[in-house]
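K.L.:
Have a look at this prediction, sequence included:
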Amino acid sequence: MSIAENLTHIRERIANAASRCNRSPKDIQLVAVSKTFPADAIREAYDAGQRLFGENRVQEFAGKAPALADLSDLEFHMIGHLQSNKAKKAVELFHAVDSLDSVRLGNQLNQAAGEAGKTVPVLIEINTGGEDAKSGLPIDWTEIEPVLAAAEGWANLRVSGLMTVPPFTDDPESARPYFVNLRELRDEIDCHNLPAVSMRTLSMGMSHDFEVAIEEGSTQIRIGTAIFGTRPSR
């Protein structure tokens, strides 16, 4: 199927999943994960009404961005692991960073955003599965609290919620406990009433498990393969 047809199908599935848990599909953002796909694929999705996209490599997106500069209402989020030394370029290129995983990175992003005269929304990435190969903070208050405390001093960042990528399996149901854990962490952080921290966004769920994520409270899903197809080899 075409990208437009895939998007229509995904939106129908979002609506059905939301209906099952008495939620509105309007409360669930769809991030089209366009990493490794060319600018033409992004344009095709744009023509089908998609406006929010996710990329995971600063250099890769820097190569695509000029070809999309005429589409002024596009919004791009950095969803991959971000090294501190690329914070300045990320602030220049992206509307938001959904993978904040350390105080150091937050400090670098805040400084870069201040120099650029921007306020950048960020999500704190949580490694709910405790996987060594993945970035993100563990579900451990002693690791998370320093980031929340540092947020009080980040005048040019807006902490807007949490993001996770659970361990992959073929069974979407196996992801449910990790989505529950993230939602419960969100609720715990909310109870602290931190003035510089909002927990409005729960970014969880991808092509194979997003319906389960919606049932567990996701407000933002990240879909790549189910929209764009099999990723081209690098």
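P.N.:
On my side now, so go ahead.
K.L.:
Quick one, grab the pLDDT at the nearest residue to Val103 once chain neighbours are set aside.
P.N.:
Leaving aside its sequence neighbours, Val103 sits nearest to Ala150 (Cβ to Cβ, 6 or more residues apart in numbering; 4.6 Å). C-beta: built from backbone N, CA, C; applies to glycine. Here the pLDDT value assigned to Ala150 is 98.
K.L.:
so Ala150 makes contact with Gln108?
P.N.:
No. Look at Ala150 against Gln108 with Cβ atoms under 8 Å: they stay out of range, at 11.6 Å.
K.L.:
where does Arg23 land in three-state SS?
P.N.:
What DSSP: H, G, I helix; E, B strand; the rest coil gives for Arg23 is coil.
K.L.:
Tell me how far the closest residue to it other than its chain neighbours lies from Pro138.
P.N.:
Of all residues not flanking Arg23 in the chain, Ile214 sits nearest, at 7.0 Å (Cβ to Cβ, 6+ apart). Here Ile214 is placed at a distance of 25 Å from Pro138 (Cβ to Cβ, to the nearest Å).
K.L.:
circling back to that earlier point, next, the buried residues of the host helix or strand of the residue nearest to Arg23.
P.N.:
Assigned by DSSP states H and E, Ile214 belongs to helix 210-215. The neighbour-count check on helix 210-215 (16 or more other Cβ atoms under 10 Å) flags 210-215 as buried.
K.L.:
Could you single out the nearest of these to Thr119?
P.N.:
Nearest to Thr119 among these is Ala213, at 27.5 Å by Cβ to Cβ.
K.L.:
still on that earlier bit, report all helices and strands that the helix holding Ile214 contacts.
P.N.:
helix 3-20, helix 176-190, strand 220-223 (3 or more Cβ pairs under 8 Å, 6 or more residues apart in numbering; DSSP states H and E).
K.L.:
From the chain's centroid, how far away is the one helix or strand Met199 maps to?
P.N.:
In this assignment (DSSP H and E), Met199 forms part of strand 197-203. Its chain's C-alpha centre and that of strand 197-203 lie 11 Å apart, by Cα atoms, centre = their mean, to the nearest Å.
K.L.:
Which elements pack onto that strand?
P.N.:
Counting by 3+ Cβ pairs under 8 Å, 6+ apart, strand 197-203 packs on strand 157-164, helix 176-190, strand 220-223.
K.L.:
and of these, who's closest to His9?
P.N.:
Nearest to His9, of the helices and strands packed on strand 197-203 and by Cβ to Cβ, is strand 220-223 at 10.6 Å.
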